[in-house]
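Colleague: Give the three-dimensional model of this entry:
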Amino acid sequence: MPFAHTCPFLLDSDKLSIKECFVVEDSLLHDLPAGVAHHINQPGRQIVYALQQGNTFGELRSLASEFGIGDSQLHDMLGFLNLAGALKRKRRLLERIVVLRHTVLQLLLGLRYAPLSWRKSFSAATLLLAILRASWILLLAIVCVCAEIVIGNLLPISTVITFGLTGITVFVCSMYVHELAHAFVIKMQGVEPSILQRGMRLGIIHQQLTPQVELQSSLVGPLCGVGFCMAIGCMLLTTTDNGLLALLAIIIASFHMLSLLPWYGDGQSLRKALNAKKVYQ
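Modeller: Below you'll find the predicted structure:
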């Protein structure tokens, strides 16, 4: 099944439902912020209707069995909903602890489950939270590397703290500026975006805009991220006279430029906008 691999790990007791920004109408599932409608074939409509009311995963499996839907097909449907950020899951605290232990054991065996997508209406606070959710593994890795350097007595503690905090601050703030620039271009068109985060992936969801605006949005994000890093690098160089700190900011700037590669989010959006512009011309 094409979307089964994006279905998150689920317990029979997990309460599943569809998020408020999705509306079910007859055979269509409307994604309001994106301005698109997904057609739902029978008997999958019964599952979507049940999700609209809210049911446990165990109840959904029983309902699916009544309509001749197998577990693989059910996981395929839930995987698609999760990919779109439509799936909402409620789980008791004790069960979260059990699942965390199970997930760690599975990772040791080389197995990995798809993360549950996190989707919220755009705001300054939710954007920052989404960035922290998407990058917490990277930030934790930076902290661990700094700790190992201190334990190994490779550099003075003050130097490690300075470089670690500078790297984390510049990275998070530049990502914030990057995504905020995308949202600004979209909002200038009178469109309200939403934020979709899944694992380390982060995106701004919005209605289809003209190729010209999509082109602007694709470019302005990385350029603003690079500009922010370069400005911080210059400031660090003039105020601290530390070329390595400035170099750190420049290295982070290069990651923003890498987002324009064709297989990354901004690069894909840029390529689609250029192709669409050619069609319009």
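
Colleague: what about residue 252, which SS state?
Modeller: Using DSSP: H, G, I helix; E, B strand; the rest coil, the secondary structure recorded for residue 252 is helix.

Colleague: so where's the stretch 151-281 of the chain uncertain?
Modeller: Residue ranges of the stretch 151-281 of the chain with pLDDT under 70: 277-281.

Colleague: Equivalent analysis for the stretch 1-150 of the chain, please.
Modeller: Applying pLDDT under 70 to the stretch 1-150 of the chain flags the ranges 1.

Colleague: Helices of that one, residue ranges please.
Modeller: With DSSP state H, counting those that start in this stretch, the ranges of helices along the stretch 1-150 of the chain come out as 44-53, 57-66, 71-83, 93-108, 124-151.

Colleague: Name the nearest residue to residue 34, ignoring sequence neighbours.
Modeller: residue 205 (5.3 Å; C-beta to C-beta, 6 or more residues apart in numbering). Heads up, the C-betas are built off the backbone N, CA and C, glycines and all.

Colleague: neighbours around the one you found, how many?
Modeller: Around residue 205 sit 19 other residues, with neighbours defined as other C-beta atoms under 10 Å.

Colleague: which residues sit in contact with the closest residue to residue 259 other than its chain neighbours?
Modeller: Spatial nearest neighbour of residue 259, excluding adjacent residues (C-beta to C-beta, 6+ apart): residue 266 at 4.4 Å. Contacts were defined as C-beta atoms under 8 Å, 6 or more residues apart in numbering; by that measure residue 266 touches 218-219, 221-222, 259-260.

Colleague: Please give me every residue in contact with the residue nearest to residue 34.
Modeller: 31, 33-34, 85, 119, 193-196.

Colleague: Return the member of these nearest to residue 52.
Modeller: The shortest separation between residue 52 and any of the contacts of residue 205 is 14.0 Å, and it belongs to residue 31 (by C-beta to C-beta).

Colleague: what's the neighbour count on the closest one?
Modeller: Residues near residue 31, counting by other C-beta under 10 Å, number 20.

Colleague: What of residue 38?
Modeller: Neighbours of residue 38 under the rule other C-beta under 10 Å: 16.

Colleague: So it sits against residue 27, correct?
Modeller: No - assessed by C-beta atoms under 8 Å, residue 38 is found out of contact with residue 27, at 9.6 Å.
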